[in-house]
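Sequence and predicted structure are below.
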Amino acid sequence: MEVKILSANFDTKDAHKIKVAKKHGAYSTLDKLFSMKPEDVTDLVKNSGLRGRGGAGFPAGVKWSFLPKNTGKPVYLTVNSDESEPATFKDRYILVKDPHMMIEGIIICSYAIGCHDAYIYIRGEYTTQVKALQAAIDEAYAAGYLGAKVAGHDFKLDVTVHRGAGAYVCGEETALLESIEGKKGQPRSKPPFPAVAGLYGCPTIINNVQTIASLPFILKNGADAYKVHGTEKSPGTHLFGISGHVEKPGMYELPLGLPLLEVIDKMAGGVWKGRKLKGVIPGGSSTPVLLPEEAKTVTLDYESMAAHKTMFGSGGIVVLDETVDMVKLVKNLIDFYHHESCGQCTPCREGLGWMLKIVKKILASDGTIDDVNLLRELCDNIEMKTVCVLSAACTMPVRSYLDKFRHEFEAYVATNDSLAAEAK
Amino acid sequence: MADKIKLFVNGVEVEVEAGKNLIDAVGAVGIEIPHLCYHPALGADGNCRMCLVGIEDGRPPLVPACKTPAQEGMKVLLDAEHIKKIQHDVMEFELINHPTDCPVCDQAGECKLQDYYMSYDHAKSRMNVPQVVKGKKMDFGAGVVHDQERCVVCGRCVRFCRQITKTGELGIINRTDDARVNIFPGRPLANRYAINVVDLCPVGAMTSKDFRFKQRVWFLKKAPGICHGCSKGCNITIDHNREKYKDDIIYRFRPRLNEQVNGYFMCDEGRLSYKKENEGRLTEARLGTKVRPIDDVLAACSKEMEQAAKIAILLSPNCSLEQMVTVQALAEKIGAALSGYSEGYIKTGDGDDYLIQDDKSANRAGLNLLGIDSSKEGFEKAVQEASLLLNFNNDLTLSYQENELTKLLKDTKIVAVAAAANQCTAMADMAIPVASFSEYAGTLINCDNILQHFAKAITKNEDLADICTIAARLGSPLQNDNERYSVLQKCISALKEFGVDQIPAEGLNLKKSEAANVTA
């Protein structure tokens, strides 16, 4: 099942060092790159169908083509390495195991969009990763792949690593830009979109680590070689992080479009301890949960996930066995998003805290059926009323648990009722 | 005139000004879109989410009105059920952690949250879990007291300190529902416009130490006025009230919008200058050391004027144009030397590049326009030659040290026609109390040559005559307002087409050339 494009060298010893990386083909695409016109590179990426791997799945080449031409302003590339979505652990492998693949991708993207200053915004907690990444960048500078003349060609490119300070919301692309600018990490209202007015008000492309890291393969082997894998609308491979109640949790690179349950069974060894499956979170904590019967029919691609009223997300699959208390899970979920709400928009700032208190009340056998209904209603009242989608990242999954596992919430309410009856 | 465009609000066609956001554009034609964080002086932030409106056939269908430019043919939905529900829902979120302390909150009566609750929500609270606890009555400095629990985190105050004063004392710390406005430890508000955050705050989170708990705002009468604190002439609202058995008292000045003069704001010094209208006033006419009826003092003064060989008259640069021409006419009639010397009113270096001016007088441009000599030499020569000085409200202690003043005026009889009791009135041989600027109507010209008219705002229990009346009673040929105004119309050509009550509310921008011509 596995197709190793991004993870080809993950098992190679010292692949993060430039010497070893070069032996395995790193930076081999640059001569070809500089022989091409930048717009041809963009077209190539468009043709490959590569979709943004940060979660939204927007076609990368199309995004690049949104850049306004001849604005007189510099164009920036920002690589989003803020990987903070709970259950997501894919980019960290690239940063540690094969950082030169990403740096090469940065050179390819920068050339295509005319960027001479690229930023890598890396999650603050990624201390090991930032060291590995910075070491690789230093090596790339020393070897002449970054700096005034990239690989001897007349193209200047500087890469700056910017560490976050621990805010999940800075993974949202405009909050990320604010953070790089030294401001409080709060999402901006859109429009204008970053492609028009992004970093320091200049045209900016923001791509995920995995998206950028996929570029060398596409340039080397062509769009068709990439499209061999995956489905028509979701081509290529994806790094899937499978965690939760499975026998073999871990990171697996798979083509898109595989059946979810098959992947869980064949790659991750199935639900652990012979227990029954209760649900699957398909792509990080913010994606609505799937029931076992839904998991049977869904495949790992953007279209099938949407058809199942959930999202492909970041490829962070969490398997939940029959012992999971969904009310406690929901409490954890809201707790996280409440903690990470930037506090800008009223519905998210006040609403998530309210939801958390309600679910805690239900858990403490203190809730009523009205509280369950209120929790469900608040999901609707908060969602899509805010500048960014952080609130929706909380309310969408919470709604799915409330709708699919309502009986568990009612059970807590029932204990409250019986306690009340006893008290009488 | 800005271009007009047509758009639809709730299906009804309205014509609005182009180039504005939806809140301002449709607000100008009387359609309110509720909002808390947006303020025209601070721009759109888009955090409160109260102003979300629907756009029919629009992409996206739901937009914040503050960030959406009004466009030709746009179909704005305000009264659709889903929009009303959003307003209701956002109100609920604003209110869940908001203390219900309206009865003891100083903002009650002028609180946006309170108003919007009545207009858009009016629902019972569904909050049955503990509220977030934050800081209360925090002293932010500069007379500003903050209540974090009442705060709706709209950030207007923060943006004011960043964008307008550029001092940045305030920030929003923490995330989520723990987000709160605060100062940096030990770094309180330290700018001269700080109390504007109290006006800007849509709720009772920012209150003024000076004003709070003095009056419930619904008792206050609001009268427009012009601040006399410096030569900028900021437009103000005079909030005053006559409590039972008491006098008409001013409780606060607030800035009043005038794009041409002060915009939305005013300085703290000017704002607090209302106190001078209430306190330290000269209230009784005095002859020598004895309190006498004003008629007696005026009669004695007239007698002195008849007997004096030479009279000097001094005007305050705070006097209105009407007062200046009346006194000027008096001086001409009796052959007195007229001076507007007031060097002490100018505090060099005190002004800034925003509103505060070096010149702390309200109408120096008027003095210049009427050709009244303001030189020190002119004044001292006049005083030395005269045996009687009529001082119309000019605080000479600002221009002279006490010993200098005593020396200069040792052989001169002084009649002080003054609003405030001070050293000048104390050393005068006769003192005549007059109305201060909140108690009369008049016209001023500010530092930017903008002519503004203000009306009488306050009527005291014992209303004092203003300088015009006193000068008229002392013999000025200009006996009434009409005569005074026709003189002004002769001096200022721009006034010719306007009656006194027709002067535009935003003021008349006199051409520099005109001012120059008349002075010359």
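Looks like it arrived, so ask away. The model shown is predicted, which means the values in this text are computed figures rather than measured ones.

Right, and chain A sits closest to which residue of chain B?
Nearest to chain A, among the residues of chain B, is residue B:179, at 3.2 Å (C-beta to the nearest C-beta). C-betas here are computed from N, CA, C, even on glycine.

Now do the contacts for the spatially closest residue to that residue that is not a sequence neighbour.
Distance criterion C-beta to C-beta, 6 or more residues apart in numbering or on different chains; nearest residue to residue B:179, sequence neighbours excluded, is residue A:343 at 3.2 Å. With contacts defined as C-beta atoms under 8 Å, 6 or more residues apart in numbering or on different chains, the neighbours of residue A:343 are A:186, A:349, B:153, B:172, B:174, B:175, B:176, B:177, B:178, B:179.

In TSV, list these along with distance to residue A:239, pLDDT and secondary structure.
Below are these laid out as TSV (distance: C-beta to C-beta, whole Å; pLDDT from 0 to 100; DSSP: H, G, I helix; E, B strand; the rest coil):
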residue	distance to residue A:239	pLDDT	secondary structure
A:186	29	95	coil
A:349	33	97	helix
B:153	38	97	coil
B:172	37	96	strand
B:174	34	94	coil
B:175	29	94	coil
B:176	31	94	helix
B:177	35	95	helix
B:178	35	96	helix
B:179	35	96	coil
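
Which one (most neighbours) among those?
Among the contacts of residue A:343, residue A:349 has the most neighbours (other C-beta atoms under 10 Å in any protein chain shown), with 28 neighbours.

any idea how far the nearest residue to that residue once chain neighbours are set aside lies from residue A:185?
Nearest residue to residue A:349 in three dimensions, chain neighbours excluded: residue A:343, at 4.7 Å (C-beta to C-beta, 6+ apart). Counting by C-beta to C-beta, to the nearest Å, the gap from residue A:343 to residue A:185 is 11 Å.

swap in residue A:24?
36 Å.

can you check residue A:159 too?
Separation of residue A:159 from residue A:185 (C-beta to C-beta): 21 Å.

picking that back up, where does the residue nearest to residue B:179 sit: helix, strand or coil?
coil (DSSP: H, G, I helix; E, B strand; the rest coil).

pLDDT score for it?
As predicted, residue A:343 sits at a pLDDT of 95.

Okay, it and residue A:143: tell me how far apart.
Using C-beta to C-beta, residue A:343 is found at 44 Å from residue A:143.

got it, and residue B:98?
59 Å.

Look at the two and report which has more neighbours.
A side-by-side neighbour count of residue B:98 and residue A:143, using other C-beta under 10 Å, places residue B:98 first with 24 against 16.

Show me which residues of the stretch 301-424 of chain A sit near chain B.
Within the stretch 301-424 of chain A, the positions adjacent to chain B are A:338-347, A:349-354, A:357-358, A:360-361, A:371, A:374, A:381-382, A:384-387 by C-beta under 8 Å from any C-beta of the partner chain.

how about the residue of chain A found nearest chain B, phi and psi?
Ranked by C-beta to the nearest C-beta, the top residue of chain A for proximity to chain B is residue A:343, at 3.2 Å. The phi/psi pair for residue A:343 (degrees, to the nearest 10) reads phi 90, psi 10.

How much space separates it from residue A:180?
For residue A:343, the distance to residue A:180 - C-beta to C-beta - is 20 Å.

again with residue A:155
Noted for residue A:155: a distance of 23 Å to residue A:180, by C-beta to C-beta.

Same check on residue B:133?
Distance from residue B:133 to residue A:180, by C-beta to C-beta: 34 Å.

Comparing those two, which shows the higher neighbour count?
residue A:180 (22 against 11).

Output the below-cut-off pLDDT ranges for the stretch 1-150 of chain A.
Within the stretch 1-150 of chain A, no range satisfies pLDDT under 70.

Which members of the residues of the stretch 301-424 of chain A next to chain B are positioned in strands?
The strands, defined by DSSP state E, take in nothing from those.

Buried among those? Need that as a selection in ChimeraX.
Command for ChimeraX that selects the buried part of those, burial taken from 16 or more other C-beta atoms under 10 Å in any protein chain shown:
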select /A:338,340,341,342,343,344,345,346,347,349,350,351,352,353,354,357,358,360,361,371,374,381,382,385,386,387
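
quick one: contacts for the residue lying closest to residue A:214 once chain neighbours are set aside?
Setting aside the residues directly before and after it, residue A:214 is nearest to residue A:50 in space (C-beta to C-beta, 6+ apart), at 5.7 Å. Neighbouring residues of residue A:50 by C-beta under 8 Å, 6+ apart: A:59, A:60, A:61, A:211, A:214, A:215, A:218, A:226, A:235, A:236.

what pLDDT, on average, does the host helix or strand of residue B:443 get?
Using DSSP states H and E, residue B:443 sits in strand B:442-445. The pLDDT scores in strand B:442-445 average 96.
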